[in-house]
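>>> How does the following fold in three dimensions:
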Amino acid sequence: MHMRPATINDHDELCAIDPVAELSAVRREQIRQWLATAVCCIAESRGRVAAYGVLTHHFFGQPFIEIVMVGHEFRRQGLGAAIVRHFQAASTGSKLFSSTNMSNRPMQALFAKLGFRPSGYIDNLDEGDPEIIFYCACP
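Below you'll find the model as predicted:
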């Protein structure tokens, strides 16, 4: 696995591994915006884009991992954890936040494994599936 910064030239490859982007022009544009304005990193495996992550500072001015997306064929290989660890190591503040749906048990387990703890939740984003906010103290 190789980790590198994403560039606008990676847009099509990021869309190709993101199942939401396959169906949503809004998501494809969101990826374009992330590439232009956020910290985006890519995990490559066997010379292919396998996963990506996005770090922003729009969550009350705090660093926030907005998304970690691992391509279907590359899941369960530690790429999501590598991206989160990358953001933890690169964090310049003392706090790092992220979130996931209550139904996303694999991501909740990943956060727990990497030292994140629940910090609240938000109802009414996805009907019947609250968003859990996670927090990690950074060194």
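
>>> so who does Ala81 touch?
Leu110, Lys113, Leu114 (Cβ atoms under 8 Å, 6 or more residues apart in numbering). Heads up, the C-betas are built off the backbone N, CA and C, glycines and all.

>>> hmm, I was thinking of Tyr135
Lys95, Leu96, Phe97, Phe116, Arg117, Pro118, Ser119.

>>> now, among the residues you listed, which is nearest to Asp10?
Closest approach between these and Asp10, by Cβ to Cβ: Leu96, at 23.4 Å.

>>> Compute the number of surrounding residues for the closest one.
For Leu96, the neighbour count with other Cβ atoms under 10 Å is 24.

>>> which strands and helices sit next to the strand of greatest length in the chain?
Longest strand in the chain by number of residues (criterion: DSSP state E): strand 48-59. The helices and strands touching strand 48-59, judged by 3 or more Cβ pairs under 8 Å, 6 or more residues apart in numbering; DSSP states H and E, are helix 11-17, helix 25-37, strand 39-45, strand 62-70, helix 79-90.

>>> Starting from the following helix or strand past the last one, tell me which strands it pairs with and how they run.
It stands for helix 79-90. Using DSSP states H and E, the next helix or strand after helix 79-90 towards the C-terminus is strand 95-101. Strand 95-101 pairs in its sheet with strand 62-70 (parallel), strand 131-137 (antiparallel), by DSSP bridges.

>>> Of the contacts of Tyr135, which is the nearest to Arg32?
Phe97 (23.6 Å).

>>> give the contact list for that closest one.
Taking Cβ under 8 Å, 6+ apart, one finds Phe59, Gln62, Pro63, Phe64, Ile65, Ser119, Ile133, Phe134, Tyr135, Cys136 in contact with Phe97.
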